[in-house]
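*Asks:* Provided below for reference: sequence and predicted model.
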Amino acid sequence: QLTLVESGGGLVQPGGSLRLSCAASSSIFNSHAVAWYRQAPGEQRELVAAIISGGAAKYADSVKGRFTVSRDFAKKTVYLQMNSLKPEDTAVYYCNSAQFAQQLNPKDLHSWGQGTQVVVSS
C-alpha cells in the first residue's frame, strides 16, 4: 500500500518562501501523477499544482508564477516550492497521487494523509 507523508509547513511572513515535501513509501509513486492540494478553514479542498511522471506540471491560477512543483525519483519525493507567499495561501497542504492525472480530482480521492499546515502572517 502506498503511503504519502507531507512535511515542511510552518509560519512564514508574507513574501516569504517554504518548500513542502511529499515522501512516498513505494517506488510505484514514481509512475504516478502527483498533486498538491490545500484546504483553508471553511473551504473545500482545492488542487494547487500537479506533476506527471514525465515532468509536465500544471498550476492553479492563484499560484501560477509563485509555486513550483518538482519531483526526485531517487528519493520518491515530490516538492512544492512556494515563493512570494500571501496570507491567502494559509491552509493545510496535502499531497496525493493517482495512476493518471485525470484521477486527481480531490472529490475522487478517498485516502488522505495528515497534511502540513502553512500559515502566512506578519
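*Replies:* It's in.
*Asks:* is the residue positioned nearest the centre of the chain in a bridge, and if so with what?
*Replies:* Closest residue to the average C-alpha location of the chain: W36 at 2.2 Å, with CA atoms, centre = their mean. Beta-bridge pairing for W36 (DSSP bridges): A49, C95.
*Asks:* per-residue pLDDT, it?
*Replies:* With respect to pLDDT, W36 scores 98.
*Asks:* close enough to count as contact, it and R19?
*Replies:* No: using CB atoms under 8 Å as the test, W36 is too far from R19 to be in contact (11.6 Å). Every residue, glycine included, has its C-beta placed from N, CA and C.
*Asks:* so what sits against both of these two?
*Replies:* L80 (CB atoms under 8 Å, 6 or more residues apart in numbering).
*Asks:* hmm, back to that, ok, now how distant is the residue nearest to the centre of the chain from F100?
*Replies:* For W36, the distance to F100 equals 17 Å [CB to CB, to the nearest Å].
*Asks:* same check on P41?
*Replies:* P41 is 31 Å from F100, where distance means CB to CB.
*Asks:* can you check A74 too?
*Replies:* Distance from A74 to F100, counting by CB to CB: 23 Å.
*Asks:* for K64, same thing?
*Replies:* Counting by CB to CB, the gap from K64 to F100 is 23 Å.
*Asks:* helix/strand/coil for K107?
*Replies:* Here K107 is recorded as helix under DSSP: H, G, I helix; E, B strand; the rest coil.
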